[in-house]
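Asks: Sequence and predicted model, in that order:
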Amino acid sequence: MAPEVAILMSTYNGENYVEAQISSLLNQTYKNIKIHIRDDQSSDATPNLLTRIASREPRIRIVQDTLGNLGPSSSFFELIRSSDSDFFMLCDQDDVWLEDKVETSVRATNTLHPKSKPYLSFTDLTVVDEHLSTINASFNKRQRLNIKHSVSFKKNLAQNIVTGCTVFGNKSLAELAIESYDKTDRSSIIMHDWWLALIASSLGETKYISQSSILYRQHSSNCVGSTGSGVSKALQLLTSGTFVNKTYSYIDAIARQSEAFANAFSKSQPTENIIAAKKLAALKSSPSMSKYISCMRAGVQMSSFDRDLGILFSLLFREPKNKLFFRRDAE
């Protein structure tokens, strides 16, 4: 029998696009699916739309709780908690899935058992505008992401390569994600997809499926989007007065997340992984070029060398008055 796949969708003020997205889920060529939808306290017509759609489709389950507005990361963790299926997939409210997305992801598992080692696969995306006209055929090429980094825990510490709305994971990954989420300071987890990528790359398997599986819609209300990359983007950032401060925020965030992950999985990690995570965690208390270079030597690197240079540039030109920058209440 074909394994059951739970599609997990978090919604928030998505009345303009959510119905089209749900239609693309229901039209998948792979039929053994359940759709779990948690609304993150929308103020528009999204909840009413979801109730109406779910009333006529038995494969849709509306996840009800009293947790209120959690933000996308925690909302997805609660959705992962809600599922007991063999496999799960993460789903944004405003994209459109290609009809063979689920089938392609299941086929790529090579009959992997749902409760073996944690497993995560992800795909490329086609970037489109709000009317679904193509902007770029490959999100990963547009962002200049080094896909090879996705299988390396150390590389994943510095930059997430995995786009959440393309994630396919097994039950083992889901269980480890919830267990660690429940015992971790949740403000230290940057995003749910990044945390899942860290678990899979350190304790299991990560696989990239090079074909696009989603029309990745860009519009004014995106939580996370495609902004492009390259020399022009780098020059724009370097000439911006906020570049150093934004980079400091980023360093602080990845340092806190690395520390949280090392604490959550210290007993199950190879020693070299813990050492690398702790080297990066050390930047939150006293950032410096020498400490970041030490991280790079330990294998912790961004997806491209110019991104690492950007961090080194910021650390080189930081001023003494910025020493308290890492305080959360100062952000």
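Replies: Perfect, I can see it now. Residues are numbered from 1 along each chain as shown.

Asks: Just after the worst-scoring helix or strand of the chain on mean pLDDT, pick out the following helix or strand.
Replies: Sorting the helices and strands of the chain by mean pLDDT, DSSP states H and E puts helix 231-238 at the bottom, at a mean of 50. On the C-terminal side of helix 231-238, the closest following helix or strand by DSSP states H and E is helix 243-264.

Asks: For that next one, name the packing helices and strands.
Replies: helix 153-158, helix 192-203, helix 271-281, helix 305-316 (3 or more CB pairs under 8 Å, 6 or more residues apart in numbering; DSSP states H and E). Every C-beta, even on glycine, is put in place using the N, C-alpha and C of the backbone.

Asks: repeat that with 7 Å
Replies: Judged by 3 or more CB pairs under 7 Å, 6 or more residues apart in numbering; DSSP states H and E, helix 243-264 is in contact with helix 153-158, helix 271-281, helix 305-316.

Asks: Direction-wise, compare it with helix 305-316 and give the angle.
Replies: Using axes from the mean of the first three to the mean of the last three CA atoms, to 10 degrees, the inter-axis angle of helix 243-264 relative to helix 305-316 is 100 degrees.

Asks: Please identify the pairing partners of the lengthiest strand in the chain and their relative orientation?
Replies: The longest strand of the chain (DSSP state E) is strand 205-217. Applying DSSP bridges to the sheet, strand 205-217 is found paired with strand 96-97 (antiparallel), strand 119-128 (parallel).

Asks: Can you pull out the low-pLDDT segments for the stretch 1-150 of the chain?
Replies: For the stretch 1-150 of the chain, the stretches with pLDDT under 70 are 111-115.

Asks: Let me see the ranges of the strands in it.
Replies: Along the stretch 1-150 of the chain, counting by DSSP state E, counting those that start in this stretch, strands occupy 5-11, 33-39, 60-62, 87-91, 96-97, 119-128, 134-136.

Asks: now the fourth one and strand 119-128, what's the angle there?
Replies: I take that to be strand 87-91. 30 degrees.

Asks: Sheet partners, orientation included, of strand 87-91?
Replies: Strand 87-91 has the following sheet partners, assigned by DSSP bridges: strand 5-11 (parallel), strand 168-170 (antiparallel).
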